Structure formats: structure tokens, C-alpha cells
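Novice: Pasting a predicted model and its sequence here:
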Amino acid sequence: MTSSLRILNLVAAGAIGVVAQSNPTAPAFDGEHAGALAGHRHRVVVSTDIGGTDPDDFQSMVHLLLHADVLDLEGLIASPPGPGRKEDLLRVIRCYAGDFPALQAHAAGYPAPEKLAAIAMQGETEVAPYAGVRRSTEGSEWLIRCARRADPRPLRVLVWGGLEDLAQALHDAPDILPRLRVYWIGGPNKKWSPDAYQYIETHHPGLWMIEANATYRGWFTGGNQSGDQGNDGFVATHIAGHGALGAFFNRQLGGRLKMGDSPSVGWLLAGYPDDPARPGWGGRFVRVAKRPCARFERLPTLDDRIEVFGILEIVLPLGAGAPVLSEASLEVENQSLAGSTPGDGTLRFRFCPKAAGAFRFRLRSNVPALDGRSGGITAVPARTEAVEGASPEHRFWWTDDPSPDLAEAGHLGARTVNRWREAFLAEFARRMDRCLPVPDR
């Protein structure tokens, strides 16, 4: 038995409260940690774009449900921009039901499949308009209901996709803001949710939120990738053939581990969920400076710059003779961004680059003066020097640590996650073993 697995077994049994790695150069947690594996129960709502363009949400949902005995799951919200619906949540829950007898034999705390199905909700299925909010959904209303419960513990909101339902909930019930602790897997998800993001950042800057734009990549990038610790080897050895959940997981992404949303779960399992500056399986973060944003009252060109993951806002005059119902879209890569006409004679767009590089776009519009015009923007890497002066408006907002020595393959902060790879994979393997048939006694 490896040292990391032995330690994790002791933690799960409540014998010790410190999680360490087998790597002696990586410091252990300093004292008993406040994660679920040390006995601290956290209230959790997950908002996910499950069933959308990336199957890794299915993998992370399997990971989450295998830890449902140590978390108080209160809501599962399907909130994809496009494909994917509540039914995709229920697909995973049906696999969980198949393994439930085996799981229950290991721990009595696993919730019944019917209970999980009852908290599965349909969220927003369209990206937010320029205003950042559109309408209430079953998911946003459920989030409000959970946040208002008479429970002294904060509500941990894990966002694995767009921010639409969170933004709508804050718009409809701003009183819930102090109750929320949000861990958002941003990065590419920010690309699909720039208007909802900008609404929250502008109207609710006091939200407690971790904005993990790159740190999350440490779950599947770097760390020990040898043998059964590799993304392929781990699935083949520790997941395939392990019950209905294992079979379902193995069918995603060609049997390759990604689980890009699982750092948000790891943040609750081992570490200090109330202090993002301290180490944990979900990473370590720094207070944000002013959020990167660039506004142009013209079509920018590739000579213009914006920081990767920043919000680009374009404001163009409609001009004389524009149709009463002016419409336009900004075509960029695989996105078609609908323009907004707020009634002030302008047309507005927001865009968020998910990677460094050149982005070219073209306008499609029923306004002759705008139709066919082209432009672009160059996204530059995020700063790797220490950020001076945290934003006073965003007192509880955290993001990737910019220290160069914590980056992995250019992804800032990723090493604050993959330093724990052996430990969190050992725990996951132990959980997957619970799906194996229970021998007759």
C-alpha cells in the first residue's frame, strides 16, 4: 500500500486530520484540515453543463456521487449552453442506483437514488443576453430556495459551466449573496458566459468566489503520470470494470481521465474551503486585482490587446438609417455572439478569449453600414508577476496564482492541484472499489 493511500484511509476513518503526499518535498496540510474527508460536512449545489460539448462533466459527476456520503448534496442543476438537459443528470443517477447496494454496504451515508433525482433541476439552456440575465429557471429558483434555508452553514455552489443560473439567482434574490461560497471552473466556460459574468462582476462584486481559469487543469495535467497514475492507465486499472458508474465513466472521452470540474469537489474534500490562500486538492489561489476588461467604441484589430480570460466589450454606433429592429451577430471561431441594442443608438457585444492568440471576427447584420465588417483582437497571456494590490471591490474574489513556478504547461496555478495527484487519485480509486460487487457472507 502506498503511503498516500495509507494516509487517506486513515483520514477517511477519522484517525488523523492531516493529508500528505508520498512526495516528501511537498508540504502537508498545516494542521487538521476542514475538508469533508476530515469529517466536516458541507452543503453543496452543483451547476453543470453536463451533456454539453465536453463529456468530462459526466466524469466529474461520477466523482461527486462517489463522495455523496460525506457531502450534503442539496441541488444538481443542468445548465448547459446548448445540448444537455436534466435527463443527463438522471442518466448518471441511474448508474448510481445500480451501484447503490454496494456503496451502501461500505457507508450508510449515501443518499438514496430517489433523493438525488428529486434535487435534479433544469437550469438555463441559453447564454445570457447583454444584460447578463434573462429569466428565472427551475435551477435558479432552487438555488435561491437552498440558500435561504435555515442552516448556519454557507451554501457551497460548484459551477462547472456557465454562470447564467447563478447570475439569475443573485438578480432575483440579492439577499442570498452572503450565504454563498462559489467555486467556478472558468477558463473555457467564461468564453460561453461573458455577459452573465460581467453582470455578477459589476452588480455583485462582493460575492465570495473562486474564479479558476487555469488552476483546474492540474487535475489532469502534470503530476505523476506514470503507470496506473496516468490519465489512461488510471481508468484502465481503477475504473473500468467497477460497477455501473465505472462502466459509464470509462465510456467518456475514450477511457481517458480528464475530470476537469473535479477540483471544485476536491476543494471540499481535503483542504481549507473557507481560505483559498491555503493548500488543498482544489488548488491555492490569490485575491484578484481589477478584473481584466477592454472596451472599444470601434471594431478592434489584431493590433489591439486584451489579457486572456478578460472581457472584451465592443460598442458600435448604428448610424442614421438603421432598421428599427436592428440585428447583428459577431462571428468568432465556433461562436455566434448576438448583438444587443439597448436603445441608445449603439450595438454591443461581449467576448472572452479562452486562450492566448489571435481572434478574428466578422459582423453579420441587417444594418448595411455594419454587415460584413471584420476585425480582431489579440489575447496575451495572463501576467505571471505578482499582482500588486487586491481589488477593494472584490474582497472575497480569488483567482489563479500567477507565480511562474506554479504553472504547468503554461497554465497558471495548475501545480497547486497536481502536487496532490497521487493523494486524490488514491482516494478516487478507493471509492471506485466500493462499486465492486459485495461478496456473499
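Specialist: Now that the structure is in, tell me what you want to look at. Residues are numbered from 1 along each chain as shown.
Novice: And residue 208, how far from residue 273?
Specialist: Residue 208 sits at a distance of 11 Å from residue 273 (criterion: Cβ to Cβ, to the nearest Å). C-beta coordinates here come from the backbone N, C-alpha and C atoms, glycine included.
Novice: Compare these two and say which is more crowded by neighbours.
Specialist: Ranked by neighbour count (other Cβ atoms under 10 Å), residue 208 and residue 273 place residue 273 first, with 23 against 20.
Novice: Against residue 125, how distant is the more buried one?
Specialist: Distance, residue 273 to residue 125, using Cβ to Cβ: 30 Å.
Novice: Give the intersection of the neighbour lists for residue 208 and residue 273.
Specialist: residue 181 (Cβ atoms under 8 Å, 6 or more residues apart in numbering).
Novice: Tell me which helix or strand comes right after the longest helix along the chain.
Specialist: Ranked by residue count, the top helix of the chain under DSSP state H comes out as helix 86-106. Under the assignment DSSP states H and E, the closest C-terminal helix or strand after helix 86-106 is helix 113-118.
Novice: Show me which residues of that next one are buried.
Specialist: In terms of neighbour count (16 or more other Cβ atoms under 10 Å), helix 113-118 has its buried residues at 113, 116-117.
Novice: swap in stretch 317-325?
Specialist: Applying 16+ other Cβ under 10 Å to stretch 317-325 flags 318, 322 as buried.
Novice: how about the CA coordinates for that stretch, as PDB?
Specialist: This file holds the C-alpha atoms of stretch 317-325, laid out as PDB (Å, rounded to 0.1, in the frame of the first residue of the first chain):
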ATOM      1  CA  PRO A 317     -22.800  53.300 -33.400                       C
ATOM      2  CA  LEU A 318     -25.800  52.100 -35.500                       C
ATOM      3  CA  GLY A 319     -25.700  55.300 -37.600                       C
ATOM      4  CA  ALA A 320     -28.500  57.000 -39.400                       C
ATOM      5  CA  GLY A 321     -31.000  55.000 -41.400                       C
ATOM      6  CA  ALA A 322     -30.500  51.800 -39.300                       C
ATOM      7  CA  PRO A 323     -33.600  49.500 -39.300                       C
ATOM      8  CA  VAL A 324     -35.900  50.000 -36.300                       C
ATOM      9  CA  LEU A 325     -35.300  46.300 -35.400                       C
END
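Novice: Report the mean confidence score over that stretch.
Specialist: Confidence over stretch 317-325 (mean pLDDT, whole number) is 90.
Novice: now what about stretch 401-418, what contacts it?
Specialist: 212-219, 221-223, 263, 266, 279, 281-286, 381-387, 400.
Novice: now these: which count as buried?
Specialist: Those of the contacts of stretch 401-418 that meet the buried threshold are 212-219, 221-223, 263, 266, 279, 281-286, 382, 387, 400, by 16+ other Cβ under 10 Å.
Novice: Which ones among these map onto strands?
Specialist: 212, 285-286, 400 (DSSP state E).
Novice: what's the spacing between residue 209 and residue 177?
Specialist: The value you get for residue 209 to residue 177, if Cβ to Cβ is used, is 10 Å.
Novice: pLDDT-wise, which helix or strand of the chain ranks last?
Specialist: Ranked by mean pLDDT, DSSP states H and E, the weakest helix or strand in the chain is helix 3-12, scoring a mean of 37.
Novice: Output the contacting helices and strands for the next helix-or-strand element following that one.
Specialist: The element immediately downstream of helix 3-12 (helix or strand, assigned by DSSP H and E) is strand 43-48. The helices and strands touching strand 43-48, judged by 3 or more Cβ pairs under 8 Å, 6 or more residues apart in numbering; DSSP states H and E, are helix 56-66, strand 72-78, helix 138-147, strand 155-159.
Novice: what about 10 Å?
Specialist: helix 56-66, strand 72-78, helix 86-106, helix 138-147, strand 155-159, helix 164-172, strand 180-185, helix 262-269 (3 or more Cβ pairs under 10 Å, 6 or more residues apart in numbering; DSSP states H and E).
Novice: Can you list the low-confidence ranges for the stretch 301-441 of the chain?
Specialist: Within the stretch 301-441 of the chain, the ranges that satisfy pLDDT under 70 run 384-389, 440-441.
Novice: tell me the helices in it, going along the chain?
Specialist: Taking DSSP state H, counting those that start in this stretch, the helices of the stretch 301-441 of the chain run over residues 415-418, 421-433.
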